[in-house]
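K.L.:
Give me a 3D structure for the following:
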Amino acid sequence: MKYYIVDAFTDEPFGGNPAGVVLLDGDFPSEKLMQQVAAELRYSETAFVRQQGPTEFTVRYFTPCGEVDLCGHATIATFGLLRRLGVVTDGATCMNHTLAGDLKVIVGDQVMMQMAQPRHVEQALDVDRLHRIMAPEAADEWPELPVEIITTGLPDIIMPVKSVEALNALCPDMAALAALSQELSVVGVHAFAFADDGYTAHVRNFGPLYGIPEESATGTANAALTHYLCRRGMASAGSESRFMQGEAMNRPSVVATTVDGEGGVWVGGRICIVAEGTLQVG
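P.N.:
Below is the predicted model:
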């Protein structure tokens, strides 16, 4: 199996969010083998790609701990790679069959992927408990914006923070956060703060339940955040939002999102291929 390591949401090596991308010649191998490959590559997600037509693909996503329905940055990495390899042409609209549904991807210098229709998840959430988990040493001073669970394929807790400084100071109790995430059936927490610096918001994403203490760029969670902002009149159809993520990890990433006329969210960014090789698995 041919594999690549691709940094998504950046055009410079060792920035953005790295993903493994495995191109398959035929059917998917066993789930056990795909899980073993993802654990061996050790990236937060590895995408396994099966081509079904000129612009039609099925992609499955594995973390080091298990399969997930969808991964934004691994999708950007996958279709940016397919464009670079000439498998799909510049400007093509591709169909990506995932466990989260059938999603369109527009391939260009900046790959834009359609997310599952955003949905607010009605779920009881102890916000005080969440704050204690995320910032055990912080004073009880949080913005008035609500904490919500939103999904665009994967559910995340969207948590506002009072400032970029407070955002960078977050130091979650990872075991407690993993337990809370399991209780609420969410991937993790997507924290954000506003700053007057040209970006819509600065963000950090934590998913220890899936073996990801922190992620440097997260497509699904930033799509959920875009829907959160739309619900409050802070984003609108046709406009582009830009989120800065990964600063605390020294892997700065820029995640772009847009909202279409039906309220759907698209997520996109650039890629950089940093390695390729062959998996000897039998």
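K.L.:
Would you mind splitting this protein into its domains for me?
P.N.:
Per automatic domain parsing, the domain ranges recorded for the chain read 2-115+269-278, 119-263.
K.L.:
got these as a markdown table, with mean pLDDT and mean neighbour count columns?
P.N.:
C-beta coordinates here come from the backbone N, C-alpha and C atoms, glycine included. Compiled in a markdown table, these are given as follows (pLDDT from 0 to 100; neighbours: other Cβ atoms under 10 Å):
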| stretch | mean pLDDT | mean neighbour count |
| --- | --- | --- |
| domain 2-115+269-278 | 94 | 20 |
| domain 119-263 | 93 | 19 |
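K.L.:
who's sitting farthest from the centroid in the chain?
P.N.:
Distance from the C-alpha centroid of the chain, by Cα atoms, centre = their mean, peaks at residue 282 (31.4 Å).
K.L.:
What backbone torsions are found at residue 8?
P.N.:
phi -100, psi 150 (degrees, to the nearest 10).
K.L.:
Same check on residue 39?
P.N.:
Phi and psi for residue 39, reported as degrees, to the nearest 10, are phi -70, psi -30.
K.L.:
Helix, strand or coil: sort out the nearest residue to it once chain neighbours are set aside for me.
P.N.:
Leaving out its chain neighbours, the residue that sits closest to residue 39 by Cβ to Cβ, 6 or more residues apart in numbering is residue 64, at 4.8 Å. Look at residue 64: counting by DSSP: H, G, I helix; E, B strand; the rest coil, its state is coil.
K.L.:
So residue 64 versus residue 42, what's the distance?
P.N.:
The gap separating residue 64 from residue 42 is 6 Å, by Cβ to Cβ, to the nearest Å.
K.L.:
Centroid-nearest residue for this structure?
P.N.:
The C-alpha lying nearest the average C-alpha coordinate of the chain belongs to residue 218 (Cα atoms, centre = their mean; 2.6 Å).
K.L.:
what's the distance between that one and residue 11?
P.N.:
In terms of Cβ to Cβ, residue 218 sits 18 Å off from residue 11.
K.L.:
same check, this time on residue 215
P.N.:
Taking Cβ to Cβ, one finds residue 215 at 19 Å from residue 11.
K.L.:
Over to residue 235?
P.N.:
24 Å.
K.L.:
before we move on, what about residue 76?
P.N.:
In terms of Cβ to Cβ, residue 76 sits 12 Å off from residue 11.
K.L.:
shared neighbours, these two?
P.N.:
residue 271 (Cβ atoms under 8 Å, 6 or more residues apart in numbering).
K.L.:
any idea of the pLDDT on residue 281?
P.N.:
At residue 281, the model reports a pLDDT of 83.
K.L.:
how many neighbours does it have?
P.N.:
11 (other Cβ atoms under 10 Å).
K.L.:
Which residues lie in contact with it in this structure?
P.N.:
1, 29, 33, 37.
K.L.:
Present those residues as a markdown table; the columns should include distance to residue 206 and secondary structure.
P.N.:
Below are the contacts of residue 281 laid out as a markdown table (distance: Cβ to Cβ, whole Å; DSSP: H, G, I helix; E, B strand; the rest coil):
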| residue | distance to residue 206 | secondary structure |
| --- | --- | --- |
| 1 | 31 | coil |
| 29 | 31 | coil |
| 33 | 29 | helix |
| 37 | 25 | helix |
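K.L.:
of all the residues you listed, which two lie farthest apart?
P.N.:
Farthest apart among the contacts of residue 281 by Cβ to Cβ are 1 and 33. That separation is 9.3 Å.
K.L.:
surely residue 113 meets residue 72?
P.N.:
Yes: assessed by Cβ atoms under 8 Å, residue 113 is found in contact with residue 72 at 6.8 Å.
K.L.:
Overlap in contacts, those two.
P.N.:
Joint contacts of residue 113 and residue 72 (Cβ under 8 Å, 6+ apart) are 219, 267.
K.L.:
So which residues of the stretch 151-282 of the chain form helices?
P.N.:
Ranges of helices within the stretch 151-282 of the chain are 164-168, 174-184, 219-231, based on DSSP state H, counting those that start in this stretch.
K.L.:
name the element residue 76 belongs to?
P.N.:
If you go by DSSP states H and E, residue 76 is part of helix 72-84.
K.L.:
I'd like the next helix or strand past that helix.
P.N.:
Counting by DSSP H and E, what follows helix 72-84 is strand 93-98.
K.L.:
Okay, now the sheet partners of that following strand, with direction.
P.N.:
Strand 93-98 pairs in its sheet with strand 56-62 (parallel), strand 101-106 (antiparallel), by DSSP bridges.
K.L.:
Alright, that wraps it up for me.
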